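Enquirer: requesting a structural model of the entry that follows:
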Amino acid sequence: MSNYKGSGSDFEQEFIERTVEINRVAKVVKGGRTFSFRVTVVVGDGSGRVGVGIGKARSVPDAIRKASDRAKKHMHPVYLFNTTIPHAVIGRSGGARVLLKPASPGTGLIAGGGVRAVLQAVGVHDILTKSLGSANILNVVKATMDALNQLKSVQDMAAIRGKSVEAVLPFWERKKNG
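Expert: A predicted model of the protein is given here:
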């Protein structure tokens, strides 16, 4: 028998939560239009885990709560290299494409809108990004998540390319090491 009397929320850690988009949507029914709100929320721990959730409800607070719960439920790890990503990648969703390129320390987070929210939540501090194609915020966020899911660790990239780990490091790391 356990002597622990703490609540279940003691184990819950602090998350970075960003509401990316609040959109009013309509369903046409026999009596006219029924309006509700669709909310997109990004949740991350700031050290390599991130999730995106979409919630829909008649009121904004309910939609935000639903989206936040779904984002926390669907969090997954992302490979990072120090304060950036290990290699360049392009993510796609619908008509949106997002290019993510690693950047040297001190560059900062060069991104806008939904891409910035996702990268801040995952804990990336130095990166270059470019949003290509559609500007639909939901698709841009999904494309960013697709790009992050495509990332591989430096060791995996070295094994795939048949090179040493030092040979696949970003150029500023190679210059620093020798």
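Enquirer: from here on, just use CA atoms for contacts and neighbour counts.
Expert: Noted.
Enquirer: so the most centrally placed residue in the chain is in which element?
Expert: Among the residues of the chain, the one closest to the centroid is residue 118, at 3.4 Å (CA atoms, centre = their mean). In this structure, residue 118 sits in helix 113-122 according to DSSP states H and E.
Enquirer: return the distance of that helix from the chain's centre.
Expert: 6 Å (CA atoms, centre = their mean, to the nearest Å).
Enquirer: the very next helix or strand once past it: partners in the sheet, and parallel or antiparallel?
Expert: The helix or strand immediately downstream of helix 113-122 is strand 127-133, counting by DSSP H and E. If you go by DSSP bridges, strand 127-133 pairs up with strand 96-102 (antiparallel), strand 109-110 (parallel).
Enquirer: all the strands of the protein, in order from the start?
Expert: In the chain, the segments counted as strands under DSSP state E are 16-29, 32-44, 49-57, 76-77, 89-93, 96-102, 109-110, 127-133.
Enquirer: adjacent strands (with direction) for the fourth one?
Expert: Strand 76-77 has the following sheet partners, assigned by DSSP bridges: strand 49-57 (antiparallel).
Enquirer: quick check: mean pLDDT of the strand it pairs with?
Expert: For strand 49-57, mean pLDDT is 95.
Enquirer: okay, and the helix or strand of this structure with the least pLDDT?
Expert: When the helices and strands of the chain are scored by mean pLDDT, DSSP states H and E, helix 171-177 comes last with a mean of 70.
Enquirer: nearest to residue 168, of the strands of the chain?
Expert: Closest to residue 168 of those is strand 96-102 (CA to CA; 12.4 Å).
Enquirer: quick one, that closest one and strand 89-93 angle?
Expert: In terms of direction (axes from the mean of the first three to the mean of the last three CA atoms, to 10 degrees), strand 96-102 departs from strand 89-93 by 160 degrees.
Enquirer: re earlier: right, and the strands of the chain - which one's nearest residue 175?
Expert: strand 96-102 (15.3 Å).
Enquirer: roughly how far out does that closest one sit from the chain middle?
Expert: Centre to centre, stretch against its chain (CA atoms, centre = their mean), the figure for strand 96-102 is 12 Å.
Enquirer: what mean pLDDT does that strand have?
Expert: Mean per-residue pLDDT for strand 96-102: 94.
Enquirer: and residue 94, how many residues sit next to it?
Expert: Residue 94 has 13 neighbours, counted by other CA atoms under 10 Å.
Enquirer: ok, and the closest non-adjacent residue to residue 123?
Expert: residue 46 (3.9 Å; CA to CA, 6 or more residues apart in numbering).
Enquirer: that should have said residue 65, apologies.
Expert: residue 55 (7.5 Å).
Enquirer: contacting residues for residue 37?
Expert: 22, 23, 24, 25, 56, 57, 58, 59, 60, 63 (CA atoms under 8 Å, 6 or more residues apart in numbering).
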